[in-house]
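**Q** Here you go, sequence then predicted model.
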Amino acid sequence: MANLEERILIVDDEGAITRLLRQKLSRKGYGCEEANSAEQALARLRINPAELVILDVKMPGKSGIELLPEIKSSWPDTMVIMATAVAETSVAIECMKRGAEDYICKPFDLNEVALSVERTLGARRLQLEIKENHRHLEEKVGQQTEETRKLFLGAIEALVLSLEAKDKYTGGHSRRTTEIALAIGSELGLSTDDMEDLRWGSLLHDVGKIAVDQLIQNKPGTLTRQEYEHIMIHANVGAGIVRPVVNERVVEMIEHHHDRFDGSGLRQVVAGNDIPLVARILAVADTFDAMTSDRPYRSAMSLEEALGEINRGTGTQFDPVVASAFLKTKAPKNRGSTKP
Ligand SMILES: [Fe+2]
């Protein structure tokens, strides 16, 4: 059955042929247009793309064989039926290998032409339907993946908050660290995507503490080397927990958040600007918040003491660019006026 919205462009250098085909196919209900050269065909398609082109293989000037790839690349949903003399069917078959859907032989059997058109347009409808279903399916899978990702991220965030809530020393640490990190990020002019990574990396940076022995973490005295090494596993453990739902940059940010700028940290493999920028930002934000909060082994430092530590650590523990951006933010002032 002809679909009235389907248009056919008939391309042949002989006007008698295009007229004959137009008459037959118009009677079948198709909207037809004629072109007597490749150039005319392209001009018509640019104004009014057709669902189907019947294309003469041999034409003076640019031939149908040359025109076929141009049509297929500019209008990929347009089907092409090659029209050829019986003696040259091998050329038409070659055209089918290059993207044409069918071929018809001259002199035409008009009923066969109509059948080929019907079959080709039917195949086109089916192809478009499959394509649309595929697109719809991909969209649905994408939405579901995103929903699952958000759910999982929310669950990890809840885990971080509950870890902090049961520890009187770290309550609110991730939230405050995130605020400071974002203030540094915006001072440094980070892009929206970078800021989003910075936010997630900061919120989740200590999730790996779930694997840390609470007795060691809350030990009032100085840690032994072994105890310190045990606490530091949280960076790698945390990176492993979030890996399935965040991008690689957030994973690296968590993995490297205790890296020192000069490369002297525990089992550190990168240094300086090779440490991801978001991790260098988190290092300053995390340390500042930790210094200005009570810890089992010491009381909170005053703002002046903490700023003194940041200054002392600039270039060794901290990236100087990040440390200087931090000092320009309102974070130190905020900490001076509000209790953690
Ligand atoms: Fe940490």
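**A** On my side now, so go ahead.
**Q** in stretch 76-96, what counts as buried?
**A** Buried residues in stretch 76-96, counted by 16 or more other CB atoms under 10 Å: 78-84, 88, 91-92, 95. For every residue, glycine as well, the C-beta is placed using N, CA and C.
**Q** now swap in stretch 154-166 and tell me
**A** Going by neighbour count (16+ other CB under 10 Å), the buried part of stretch 154-166 is 156-157, 160, 163-164.
**Q** Just the C-alpha atoms of that stretch, please, in PDB.
**A** What follows is stretch 154-166, C-alpha atoms only, in PDB (Å, rounded to 0.1, in the frame of the first residue of the first chain):
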ATOM      1  CA  GLY A 154      22.900   8.300  47.300                       C
ATOM      2  CA  ALA A 155      23.500   5.000  49.200                       C
ATOM      3  CA  ILE A 156      27.200   5.600  49.400                       C
ATOM      4  CA  GLU A 157      26.600   9.200  50.600                       C
ATOM      5  CA  ALA A 158      24.200   7.900  53.300                       C
ATOM      6  CA  LEU A 159      27.000   5.400  54.300                       C
ATOM      7  CA  VAL A 160      29.500   8.200  54.600                       C
ATOM      8  CA  LEU A 161      27.000  10.300  56.700                       C
ATOM      9  CA  SER A 162      26.300   7.400  59.000                       C
ATOM     10  CA  LEU A 163      30.000   6.600  59.400                       C
ATOM     11  CA  GLU A 164      30.500  10.200  60.400                       C
ATOM     12  CA  ALA A 165      27.400  10.400  62.600                       C
ATOM     13  CA  LYS A 166      28.600   7.500  64.900                       C
END
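**Q** Could you pull up the mean pLDDT of it?
**A** Stretch 154-166 shows a mean pLDDT of 85.
**Q** Pull the distance from it to the chain's centre.
**A** 28 Å (CA atoms, centre = their mean, to the nearest Å).
**Q** same thing with stretch 117-127?
**A** Worked out by CA atoms, centre = their mean, stretch 117-127 lies 34 Å from the chain centre.
**Q** Verify the assumption that Glu33 is located in a helix.
**A** No: Glu33 sits outside any helix when classified using DSSP: H, G, I helix; E, B strand; the rest coil, being strand.
**Q** ok, now how distant is the spatially closest residue to it that is not a sequence neighbour from Arg260?
**A** Residue nearest to Glu33 in three dimensions, not counting chain neighbours: Leu9, with 5.0 Å by CB to CB, 6 or more residues apart in numbering. Distance of Leu9 to Arg260, given as CB to CB, to the nearest Å: 69 Å.
**Q** Just want to know which of those two has more residues nearby.
**A** More neighbours surround Leu9 than the other of Leu9 and Arg260, with 25 against 18 (other CB atoms under 10 Å).
**Q** where does that one land in three-state SS?
**A** On the three-state scheme (three-state DSSP), Leu9 is labelled strand.
**Q** residues contacting it?
**A** With contact taken as CB atoms under 8 Å, 6 or more residues apart in numbering, Leu9 is in contact with 32-35, 41, 44-45, 50, 52-54.
**Q** quick one: contacts for the residue nearest to the spatial centre of the chain?
**A** The geometric centre of the chain, computed from its C-alpha atoms, lies nearest to Asn247 (CA atoms, centre = their mean), at 10.0 Å. Contact analysis of Asn247 by CB under 8 Å, 6+ apart lists Asp197.
**Q** One more: Ile275?
**A** 256, 259, 261, 319.
**Q** quick one: the second one is in a strand?
**A** The one in question is Asp259. No: the assignment for Asp259, made by three-state DSSP, is coil rather than a strand.
**Q** now the strands for the protein?
**A** For the chain, strands defined by DSSP state E occupy the ranges 7-11, 31-35, 52-56, 79-85, 102-106.
**Q** Out of those strands, which is the most enclosed?
**A** Highest mean neighbour count of the strands of the chain: strand 52-56, a mean of 28 (counted as mean count of other CB atoms under 10 Å).
**Q** other SSEs contacting that strand?
**A** strand 7-11, helix 38-47, helix 64-74, strand 79-85, helix 110-165 (3 or more CB pairs under 8 Å, 6 or more residues apart in numbering; DSSP states H and E).
**Q** just how off-centre is it within its chain?
**A** 39 Å.
**Q** ok, and what's touching that strand?
**A** In this structure, residues lying in contact with strand 52-56 by CB under 8 Å, 6+ apart are 6-14, 17, 21, 41, 45, 64, 67-68, 71, 78-84, 100, 104, 113, 117, 120-121, 124.
**Q** What of stretch 261-269?
**A** Contacts for stretch 261-269 (CB under 8 Å, 6+ apart): 228-229, 232, 258-260, 270-272, 275, 280, 283, 315-320.
**Q** How about stretch 286-304?
**A** If you take CB under 8 Å, 6+ apart as the criterion, stretch 286-304 is touched by 169-170, 173, 176-177, 180-181, 202, 205, 217-223, 257, 305-306, 309-310, 313, 317-318, 326, 331-332, 335-336, 340.
**Q** Quick one, which of those are buried?
**A** For the contacts of stretch 286-304, buried by 16+ other CB under 10 Å: 170, 173, 176-177, 180-181, 202, 205, 217, 257, 306, 309-310, 313, 317-318, 326, 331-332, 335.
**Q** Appreciated, that's everything.
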